[in-house]
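Structure of the sequence below:
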Amino acid sequence: QNKKGYDFEMVYYNSDGNESSFCGNGSRCIVAFAKELGVITKPEPTFIAADGVHTAKMKGDIISMKMRDVNNIETEGDHLILNTGSPHYVKFASGVKTTDIVAEARKVRYSERFSKEGINVNFVEKNGKGVFVRTYERGVEDETLSCGTGVTASALASSIHGISTAE
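Below you'll find the model as predicted:
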């Protein structure tokens, strides 16, 4: 929608019908959509979302997004909690490909600490020089096949723990 001082405002709703925090993949889609509609023509549009101001970079069909700075990271044993526009619980585990992550994630998402506001839950496992990630998203209340803020949170957490050596 229109927003004075910005190219547009992104308002994002989860599949449960509730307004959500920032969506990394959704932001790239909305920039592509705004470009297609002719709402934006410059290569670096600026928009506002639930978590603040974002700048996208468009180069051909590639759209990259400036994510928010992560200023607070909570480390607790085998997991970290951080906010990359949406809150994420990142747990390091083995057997991530075969784990019933919906059942495991719901234990975290609906725990006393997170039940009210919710939290996205990411399971991360070292995979060569990188990591393999599976994400359960609040508001969807299920595993999703792609989560931009989740892989960003997982990459940051992996870097902090020295798990990923990918460049």
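
which residues in this structure form helices?
Assigned by DSSP state H, the helices in the chain fall at 24-37, 101-109, 148-160.

In space, not sequence, find me the middle residue of the protein.
Thr149 (1.3 Å; C-alpha atoms, centre = their mean).

For that residue, give me the pLDDT.
Looking at Thr149, its pLDDT is 92.

In contact with Ser154, which residues are there?
Counting by C-beta atoms under 8 Å, 6 or more residues apart in numbering, Ser154 makes contact with 88, 90, 122, 124, 131, 133. Yep, even glycine has a C-beta here, placed from its N, CA and C like the rest.

and the gap between it and Ile40?
30 Å (C-beta to C-beta, to the nearest Å).

next one: Asp51
20 Å.

before we move on, what about Met67?
Met67 sits 19 Å away from Ile40, going by C-beta to C-beta.

Counting neighbours, what do you get for Ala155?
Other residues near Ala155 number 19, with proximity taken as other C-beta atoms under 10 Å.

same question, the one 3 residues further on
The local packing count at Ser158 equals 23, with neighbours defined by other C-beta under 10 Å.

quick one on the thing from earlier: go through the contacts of Ser154 and flag which are in strands.
Assigned to strands by DSSP state E, the following of these qualify: 88, 90, 122, 124, 131, 133.
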